[in-house]
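**Q** attaching a predicted model along with its sequence, questions to come.
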Amino acid sequence: MKKLFFPLLIITFALSAISHFMKWGAAIEFALAGIAILFAAGLLGKATESVAHYAGQRLGGFLNATFGNAAELIIAIFLIKEGLFDIVKASLTGAIIGNLLLVLGASAFIGGLKFKEQKFNVHLAGQNASLTLLGIIALFIPAIFVKTEHISDRDTMTISIVVAAFLIFAYLGWLVYSMVTHKDLLEDHEDTQADHGESPAWSRNKSILLLLVATVMVAFISEWLVHTLDTFSAKFGLSELFVGAFVVAIVGNAAEHSAAVMLALKNKMGAAVEIAVGSSLQIALFVAPVLVFISLLFGKEMNLIFSTIELAAIGVSVLIATSISRDGATTWFEGKLLLIVYAILGVSFYFV
């Protein structure tokens with residue numbers, strides 16, 4: 001299968017490109033783009049894991065989350081360009097709950113079937129919990145004030161810009177704290193050493209090159225995918241909320257999904273948590289705020305006010321993920337609980 005990966009990647013990318021430019025129809029274009037982005041995201045995840053061998057697991061997990069979210073960010077930018085703000089917010093919601101429930105849940109469940117209990121840095125778990133709560137507060141407070149006090153559109157945008165700036169400031173502070181001043185405190189020293197007795201898939205330079213190539217491929221496929229969403233949603237009777245929160249989010253975050261589960265199977269739960277929770281933090285504290293400023297560049301103002309349904313979904317996801325991961329250990333049963341909550345939300349979103 002490994003020998004077939006690169007040929008399949010090239011074939012699916014080519015077919016997706018041809019279907020887009022030849023206009024084969026929204027359903028076929030969406031399906032081919034979805035398959036192609038899965039392969040491209042797979043390359044993204046594998047290249048990042050290889051880079052992690054040289055950079056260490058914490059930095060590797062951060063890179064995986066960052067490049068994995070590149071697909072989400074690129075898709076969102078094209079959606080903003082088209083003025084599809086509701087799908088953007090739904091996809092951000094889906095990315096947050098998908099990483100906290102689906103990625104972390106699948107990692108804990110599958111890894112837990114092989115290892116009785118998987119431990120990771122308890123200090124990192126505590127800091128992650130505090131940051132996810134900050135993200136929830138930053139999304140809840142503006143939404144409550146705007147919806148209850150009937151604040152004008154201009155003032156709503158001002159609030160969004162100010163909150164977005166504070167969130168980016170908080171995230172940059174977290175990077176300094178976790179990567180520089182308190183790096184040793186948050187590092188895993190038990191089961192998540194950088195090499196873990198394994199050899200990297202590629203050399204350092206080749207890994208970085210493939211990382212860049214995969215990111216470029218994801219950018220092209222994302223644009224092709226976005227152009228099919230309106231027609232695809234209408235044809236199959238799906239709401240923008242469901243398509244954004246589950247379809248786009250799952251496809252856009254395929255890199256984290258695969259990489260985190262593979263790391264958990266190698267008993268590198270610290271790196272898996274760094275990918276799953278770290279990715280959600282990056283979406284809430286950096287990607288979403290940055291998109292507010294990017295929307296201004298297009299002359300199309302997107303505020304930071306999420307719907308009640310989206311806020312409820314993010315809230316319950318943070319609540320159970322924080323409850324399960326805060327002690328610095330996971331089991332298969334806890335992973336199962338996260339997956340059940342994700343399934344409940346998926347069914348509920350489908351009927352909106």
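**A** Now that the structure is in, tell me what you want to look at.

**Q** where do the strands sit along the stretch 201-350 of the chain?
**A** Per DSSP state E, counting those that start in this stretch, the stretch 201-350 of the chain carries strands over the ranges 329-330.

**Q** where does it have low pLDDT?
**A** 251-256 (pLDDT under 70).

**Q** apply 50 and report the result again.
**A** Along the stretch 201-350 of the chain, no part satisfies pLDDT under 50.

**Q** and what of the stretch 51-200 of the chain?
**A** Applying pLDDT under 50 to the stretch 51-200 of the chain flags residues 191-196.

**Q** and if we set it to 80?
**A** Across the stretch 51-200 of the chain, the ranges flagged by pLDDT under 80 are 51-72, 74-75, 183-200.

**Q** quick one, strands of it?
**A** According to DSSP E, counting those that start in this stretch, the strands that the stretch 51-200 of the chain contains are 118-119.

**Q** ok, and the closest non-adjacent residue to F13?
**A** Of all residues not flanking F13 in the chain, A36 sits nearest, at 5.1 Å (CB to CB, 6 or more residues apart in numbering). (Glycine included, C-beta is placed from N, CA and C.)

**Q** please disregard the earlier target; I meant F286.
**A** Y171 (4.6 Å).

**Q** now do the contacts for the one you found.
**A** 281-282, 285-286 (CB atoms under 8 Å, 6 or more residues apart in numbering).

**Q** find the residue closest to A70 in space, skipping its chain neighbours.
**A** With CB to CB, 6+ apart as the criterion, A70 has its nearest non-adjacent residue at 5.2 Å, and that residue is T215.

**Q** wait, the one you found sits on L44?
**A** Yes. Under the criterion of CB atoms under 8 Å, T215 makes contact with L44 at 6.7 Å.

**Q** which of the two has more neighbours?
**A** Counted by other CB atoms under 10 Å, T215 and L44 do not tie: L44 has more neighbours, with 29 against 19.

**Q** what comes up buried for the helix or strand harbouring that one?
**A** In this assignment (DSSP states H and E), L44 forms part of helix 26-55. Neighbour counts over helix 26-55 (16 or more other CB atoms under 10 Å) mark 26, 29-53, 55 as buried.

**Q** can you tell me how far the nearest residue to F166 once chain neighbours are set aside is from V247?
**A** Leaving aside its sequence neighbours, F166 sits nearest to A138 (CB to CB, 6+ apart; 7.2 Å). The gap separating A138 from V247 is 26 Å, by CB to CB, to the nearest Å.

**Q** T308 too?
**A** From T308 to V247 the distance is 21 Å (CB to CB).
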